[in-house]
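In: Can you look at this prediction? I've put the sequence above it.
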Amino acid sequence: MQDQQELILTLKTQIIESLNLQGMTPDEIDNNAPLFGEGLGLDSIDSLELMVLLERNYGIKIEDAREGRKAMESVTAMAQYISEHRTK
Amino acid sequence: MKPVYIISSSCISPQASFHNENLDIPLHHTNENVFYCIEPDYSKFINPVQIRRMSRALKMGFTAAIDCLQKAGDPRPQGIIIGTGKGCMTDTEQFLHSMREFNETALNPTNFIHSTYNQINGMVALNKKINSYNVTYVHRGFSFEHSLIDAMMLIDDGDAEMVLTGSFDEMTSEHFDVKQIWGFWKEEKIDSNQLMLSQTGGTIAGEGTSFYLLSNQKPSSIAVALQDIRTLYKPSNDDIKNTLNLILKDNEITHDDIDIIMLGESGDYHRQAPYQLIREALPMSQPLVFKHLCGEYDTSTNFAFWLSTEILQHQSIPRYLISPLNQLIKPSSSSIKTILIYNNYFEQNQSMILLRLAD
Amino acid sequence: MKGRLIVSGLGIYTALGKGVEANNYALQSMQHGLSSLDYLKTIHANAFPFGEIKKSAEELIQEAELQDNKGFTRTSLLGILALKEAYIQAKIPFSNSLRIGIINATSVGGMCEVERYYFDVLDQVGDFSEYSDTIDCADCTHRIADYFGIKHYVTTISTACSSSANAIMLGARLIQKGIIDIAVCGGTDALTRFTINGFNSLKNIDKNHCRPFDANRNGLNLGEGAAYIILESEQSCRERGASPLVEFAGFSNFNEAFHPTAPNPEGEGAYQVMKLALEKAHLNPSDIDYINAHGTATLTNDESESNAMKRLFPVLPKFGSTKCYTGHTLAAAGAIEAVFSIQSILKGAVYANLNFETPMPETGFIPQLNYESGLDIQHVMSNSFAFGGNNASLIFSKIKTS
């Protein structure tokens, strides 16, 4: 559980950096809020950028945009997906 | 074609041209052979969600376009036509670098998307919900001119009453280096204020963006009309002279009617001859040079266009333009009705743009 | 200019072959031109099928019979070779006093060479000065213009995947305005690592052969090529002793302002642009005999385009995409497909939309599934939609003999 919390914090920092969410801090991102549409308000290009993040940092290659969307529903979902699929 | 009127304009350049009502803006110069724009506070023009992904060229071009529309009360033009020689260089370079760094895997789509030349066209249309004719010209030293011609055609044909048009180009330090290797810039560092006095080849680099809302309706205040434009591809001296005569004849004016000739002289000693030709053909016109203020770039005529509209509107040559490079041959009080811009982009792309104070 | 606008020459070079006849033959035999890459070096060479032209730079230089081949990019060479065919058909002499303009289109211009030498130039290894002008879109246009001696109007358009459709439109407008008498319009794009990696970063390249309008479509295939058409007034064409091929009847450019890269799934922009082109041509939807669809086989394009066709056409004409043969040739696609559309009229034929199995649930549409000839094709519509919401639609018509 401790590890998962750490992963979530790292992930949030990476999301902020990768999407250049200027002025945002990790605490401001709700773990369970949707990343896309409502919630953080990200769009389809952000979802592609997040896939780049997953591939570069965790060695996870998502081929299908639809599967990507599911894996990135929220920060919690993303951390879960990373734990299950990471190769680095 | 019928002349079109300039309803509003916005210019981001290496000078304090953005939102500066006072023509006597302070003069900026460089000793580095490269000019960069003075960038405005973008937060008033671009929302935080959008801005986080945008590179310099996008931010500058987009802001000038939006600002131009806002100054005119945010109308919905029936055309968006934009020129750029190089597009968003930063994004193109970054994508090339990441292809190498990450060996063609896990690349950022944003750089690729923004490297496409019609990005600003799409963003302006999307942001202002302008469903209309929308085209991007990417022809080096003709990019701005061909955008203007297209806008005039669209209005002349009655397909549009109002068209947003403009151009943008950015200089990156990497692109500056690449072109330095290929001999585009001067080998020795010079003061930009002395640009036209140097007796060497090459020029200095620059960048800039400006946008114009053009209309078939004359605004009630003092109005500047875009009268005519000609582009000349690799012309001979005779072609240049003939085109000059033709543009005068077609617009029913004589050599003496050209009050100011705005010359794109770049300080390149080897490329001075065509300008000399124009100077000699128009001995009664006040010659003014401008590239010591903005540097050389594909769409530098957009800066000359902006300067010319300002001069016509204010009926005076701004003090900062007057220098050893631009000595006045006429009293500064004489009226200014007609300006001809002549530019010669590395011999290949040459253009003449005729601007007049509307009657 | 008054009177009709005429197409008097066609030239094309794609993965299907060089020239109109080779392309016709492939379409007729339902033979696609997709394969793994033999000439472009990229880690994706065997990962996806591509519409690559199986010629090396040296072979293309030879075909173009260049005296001095310094600095010619693949993009320029393909353009020159395609235009040569159109020049011959339109009976335009190489040196002439005609008022000819070139409206060229490209998406990445000289990038095919830039990406090979870029870092060597930065590191100052080797001499690449012959390519010093290739980092833009104008270089290929200059090279083509100089080869054919075109001077009167020389320009380049880049609106991503609708670029050359827009070039054709501009050519028509410049003639109608009297700025030029003859317009050389089209586009050229070579395959580059830049675009392959770009589209791959958007996750919309299919690992298999693309399946336009299929429910299980999974993205596009990229290709390369060039095509040009010669436009002029009917009078100019007849006076020069050239033969009119078809009429360029209508066109439209319309930005849908929906999303930076994706089309409106409802197809609003596609609907408007097709409708406006019909209005310009004074035609009704029922007049259209064949639609050469944009049909990239991406999830969003085909949904959007199908929905738009469903809304505009009470009775759906024969339609299909030819990108399953050539790959998506980006800025050249509009002109390549204009050539296919014109050939459809001249040959009375429509082309098979390859790899189709299952209709999309949204519309249930079934595209043309086999090559069919002996038809009376009067009017063909050719669609090109692009990034940034830049949509274009062209209509070509059979010349009425009065």
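Out: Structure received.
In: Return stretch C:292-308 as PDB; C-alpha atoms alone will do.
Out: What follows is stretch C:292-308, C-alpha atoms only, in PDB (Å, rounded to 0.1, in the frame of the first residue of the first chain):
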ATOM      1  CA  ASN C 292     -13.800   9.200 -54.100                       C
ATOM      2  CA  ALA C 293     -13.900   9.500 -50.300                       C
ATOM      3  CA  HIS C 294     -11.200  10.800 -48.100                       C
ATOM      4  CA  GLY C 295     -11.500   7.400 -46.400                       C
ATOM      5  CA  THR C 296      -8.300   7.200 -44.400                       C
ATOM      6  CA  ALA C 297      -9.600   4.200 -42.400                       C
ATOM      7  CA  THR C 298      -9.000   6.000 -39.100                       C
ATOM      8  CA  LEU C 299     -11.700   5.400 -36.500                       C
ATOM      9  CA  THR C 300     -12.800   9.100 -36.600                       C
ATOM     10  CA  ASN C 301     -12.500  10.100 -40.200                       C
ATOM     11  CA  ASP C 302     -14.600   7.300 -41.700                       C
ATOM     12  CA  GLU C 303     -17.300   7.700 -39.100                       C
ATOM     13  CA  SER C 304     -17.400  11.400 -39.700                       C
ATOM     14  CA  GLU C 305     -17.400  11.100 -43.500                       C
ATOM     15  CA  SER C 306     -20.000   8.300 -43.500                       C
ATOM     16  CA  ASN C 307     -22.400  10.300 -41.300                       C
ATOM     17  CA  ALA C 308     -21.900  13.300 -43.500                       C
END
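In: give me every residue that touches residue 35.
Out: With no chain named, the answer covers chain A. A:42, A:46, A:50, A:72, A:73, A:74, A:75, A:78 (Cβ atoms under 8 Å, 6 or more residues apart in numbering or on different chains). All C-beta spots, glycine's among them, are computed from the backbone N, C-alpha and C.
In: I was thinking of chain C, sorry if that wasn't clear
Out: So residue C:35 contacts C:15, C:49, C:50, C:52, C:54 (Cβ under 8 Å, 6+ apart).
In: now do residue B:162
Out: B:7, B:75, B:76, B:77, B:78, B:79, B:155, B:213, B:214, B:215, B:216, B:217.
In: which ones among those are found in strands?
Out: B:7, B:79, B:213, B:214, B:215 (DSSP state E).
In: Quick check, the residue in the stretch 251-359 of chain B closest to chain C?
Out: Residue nearest to chain C within the stretch 251-359 of chain B: residue B:348 (6.6 Å; Cβ to the nearest Cβ).
In: What are the phi and psi values at the closest residue to residue C:330 other than its chain neighbours?
Out: Leaving out its chain neighbours, the residue that sits closest to residue C:330 by Cβ to Cβ, 6 or more residues apart in numbering or on different chains is residue C:107, at 4.3 Å. Backbone geometry at residue C:107, expressed as degrees, to the nearest 10, gives phi -100, psi -40.
In: quick check: domain ranges of chain B?
Out: B:4-215, B:224-357 (automatic domain parsing).
In: does the nearest residue to residue B:3 once chain neighbours are set aside sit in a helix, a strand or a coil?
Out: Closest residue to residue B:3 apart from its sequence neighbours, by Cβ to Cβ, 6+ apart: residue B:225 at 4.0 Å. Following DSSP: H, G, I helix; E, B strand; the rest coil, we place residue B:225 in the strand state.
In: and residue B:225, how many residues sit next to it?
Out: 20 (other Cβ atoms under 10 Å in any protein chain shown).
In: For it, list the residues it contacts.
Out: B:3, B:4, B:5, B:6, B:218, B:355, B:356, B:357, B:358.
In: anything in the least confident helix or strand in chain A by mean pLDDT sitting right up against chain B?
Out: Ranked by mean pLDDT, DSSP states H and E, the weakest helix or strand in chain A is helix A:65-71, scoring a mean of 78. No: among the residues of helix A:65-71, none lie within reach of chain B under Cβ under 8 Å from any Cβ of the partner chain; the closest is 11.1 Å away.
In: Pull that helix out as PDB, backbone CA atoms only.
Out: Coordinates of each C-alpha in helix A:65-71 appear next as PDB, following Å, rounded to 0.1, in the frame of the first residue of the first chain:
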ATOM      1  CA  ALA A  65      -6.100   4.200 -27.900                       C
ATOM      2  CA  ARG A  66      -9.300   2.800 -26.400                       C
ATOM      3  CA  GLU A  67      -7.400   0.500 -24.000                       C
ATOM      4  CA  GLY A  68      -5.200   3.600 -23.100                       C
ATOM      5  CA  ARG A  69      -8.300   5.600 -22.200                       C
ATOM      6  CA  LYS A  70      -9.400   2.900 -19.800                       C
ATOM      7  CA  ALA A  71      -6.000   2.600 -18.200                       C
END
